[in-house]
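K.L.:
What follows is a predicted protein model with its sequence.
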Amino acid sequence: MNERLVIVPTYNEIENIGSIVDAVLNLSIHTHLLIVDDNSPDGTGKRIKELQSAHHDKLHLLERSGKLGLGTAYIMGFKWAIEKGYLYICEMDADFSHNPDDLPRLFSACNHDKADVAIGSRYISGVNVVNWPMSRVLISYFASVYVRQITRMKVRDATAGFVCYRREVLEVIDLDRIKFKGYAFQIEMKFKAWKYGFNVVELPIIFTDRKEGTSKMSGMIVSEAIFGVIRLKVGSWFRKYSR
């Protein structure tokens, strides 16, 4: 069995899904790919089923009843990965904002370089974001500054969604106790991995905003992230992180 898995959550990604499947599964590192689709009205799930015959046992699909949130999609994927025995599990977006060619570096960091969590970071070597308006760049950058100030984590891109985890991290973190569904989910996962003493590293990437499809960002997601950080910090005062 392949020891590497990439998890991609989808909702209305019909424009991108065929290309992202080919890009990931044609990499030299030979990874498997799991799509978690939230019953996309545009037929994304149906398209995945059509592609599965060409990719045999490398392309997998989990279908959900509707749009239930980014965090819960990843948690379902993480649990599936643990059950199937994968050792290195990477998460990424379906829209090519994360370059599949960076996947080998993330997997290698966890497999060969002793990282427990490897983050594809937009801000570890300056600001590496393409096609975002300046207002969104500033909001994202200072959101990460805010997270560092509140949590005292050293991570410079706490909201990053391009991350590789060693299996042990996902087993130690109680996935059933992850509270947040939007981008705060990304902060919560990194915060808990850090609190448990895992080695969290950042690798520089260039983030390119989507060319096809529609962004899933909303005011509610931003609000959850802002106030969720405070809840995470306060909650950490009342529990022990031991493994």
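P.N.:
Thanks, I have the structure now.
K.L.:
from what I can see Glu63 touches Asp37, true?
P.N.:
Yes - using Cβ atoms under 8 Å, Glu63 makes contact with Asp37 at a distance of 5.4 Å. (C-beta placed from N, C-alpha, C; glycine too.)
K.L.:
who has more neighbours, the two?
P.N.:
Asp37 (25 against 15; other Cβ atoms under 10 Å).
K.L.:
contacting residues for the more buried one?
P.N.:
Neighbouring residues of Asp37 by Cβ atoms under 8 Å, 6 or more residues apart in numbering: Pro9, Thr10, Tyr11, Thr44, Gly45, Ile48, Leu61, Leu62, Glu63, Arg64.
K.L.:
Spatially nearest residue to the third one (excluding sequence neighbours)?
P.N.:
In this case it means Tyr11. Asp38 (4.5 Å; Cβ to Cβ, 6 or more residues apart in numbering).
K.L.:
Neighbours of the one you found, how many?
P.N.:
22.
K.L.:
Does it touch Leu61 like I think?
P.N.:
No - using Cβ under 8 Å, Asp38 makes no contact with Leu61, being 11.9 Å away.
K.L.:
re earlier: overlap of the contact sets of Glu63 and Asp37?
P.N.:
Counting by Cβ under 8 Å, 6+ apart, the common neighbours of Glu63 and Asp37 are Gly45.
K.L.:
For Ser65, see how far away the residue nearest to Tyr11 is.
P.N.:
Distance, Asp38 to Ser65, by Cβ to Cβ, to the nearest Å: 8 Å.
K.L.:
Ok, Tyr146 next?
P.N.:
34 Å.
K.L.:
the more surrounded of these two?
P.N.:
Between Tyr146 and Ser65, counted using other Cβ under 10 Å, Tyr146 has the larger neighbour count: 15 against 7.
K.L.:
hang on, the earlier thing: check contacts around the residue nearest to Tyr11.
P.N.:
So Asp38 contacts Pro9, Thr10, Tyr11, Arg64, Gly66, Lys67, Leu68, Ala73 (Cβ under 8 Å, 6+ apart).
K.L.:
for this structure, what spans make up the strands?
P.N.:
Taking DSSP state E as the criterion, the chain carries its strands at 4-10, 32-37, 59-63, 88-91, 117-121, 129-130, 163-166, 200-204, 207-208.
K.L.:
Tell me where the model's unsure across the protein.
P.N.:
For the chain, applying pLDDT under 70 flags the ranges 1, 210-225.
K.L.:
I'd like to know how many residues surround the residue nearest to Val129 when sequence neighbours are not counted.
P.N.:
Nearest non-adjacent residue to Val129, counting by Cβ to Cβ, 6+ apart: Phe207, 4.9 Å away. Using other Cβ under 10 Å, Phe207 has 24 other residues around it.
K.L.:
Could you measure from Phe207 over to Met189?
P.N.:
Taken as Cβ to Cβ, the span from Phe207 to Met189 is 18 Å.
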